[in-house]
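>>> Requesting a structural model of the entry that follows:
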Amino acid sequence: DHFTRLYLVEAILLLCATGRKSRTSLRVSRTYVILKWADMVEEQEDVSERINECVQFLRRDESGTAEGSSDKLIDEVLQPNRLALPAPPSSAPAQVVGAVDLDDVD
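You can find the predicted model right below:
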């Protein structure tokens with residue numbers, strides 16, 4: 001429903017406007033990514049405008065901080081949650097595989 005989406009986005013916009021801690025919490029929750037996806041499929045112009053306002057709040061740097069600091073903060077917070085493949089044992093020799101032409105596989 002159009003009005004439900006509008007009210008939900010306006011609630012997020014109010015959270016963005018309340019203070020730095022609210023915006024930081026929304027950034028850590030990766031709300032920006034969800035809003036960008038919602039904006040891509042949103043057909044109502046007024047909802048899309050409110051989503052854009054939220055995105056602008058979440059993407060801008062906070063006053064008194066260095067440029068790009070908001071992105072760096074989120075990257076530092078999310079860093080421990082990233083999955084990585086374990087490093088190969090150092091005693092195993094590296095294997096080099098010859099070049100394979102995959103154009104003729106089909």
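
>>> give the contact list for Ser22.
15-16 (CB atoms under 8 Å, 6 or more residues apart in numbering). The C-beta positions use only the backbone N, C-alpha and C, and glycine is treated the same way.

>>> Tell me which helix or strand it sits in.
In this structure, Ser22 sits in helix 20-28 according to DSSP states H and E.

>>> Just the element for Asn52, please.
Judged by DSSP H and E, Asn52 forms part of helix 45-59.

>>> before we move on, back to that, flag every buried residue along the helix holding Ser22.
Residues of helix 20-28 classed as buried by neighbour count (16 or more other CB atoms under 10 Å): 23-24, 26-27.

>>> what does stretch 32-39 give?
32, 35, 38-39.

>>> Residues contacting that stretch, please?
For stretch 32-39, the external contacting residues (CB under 8 Å, 6+ apart) are 5, 9, 12, 26, 48, 51-52, 54-55, 58-59.

>>> Can you tell me which of those is nearest Gly19?
Leu26 (11.1 Å; CB to CB).

>>> just checking, the closest one touches Ala17?
No - using CB atoms under 8 Å, Leu26 is not in contact with Ala17; the gap is 11.2 Å.

>>> where in this protein is pLDDT low?
Residues of the chain that meet the criterion pLDDT under 70 lie in 61-106.

>>> for this protein, what spans make up the helices?
Counting by DSSP state H, one finds helices in the chain at the ranges 2-18, 20-28, 31-41, 45-59, 69-78.

>>> Determine the set of other helices and strands touching the first one.
Of the remaining helices and strands, those touching helix 2-18 by 3 or more CB pairs under 8 Å, 6 or more residues apart in numbering; DSSP states H and E are helix 20-28, helix 31-41, helix 45-59.
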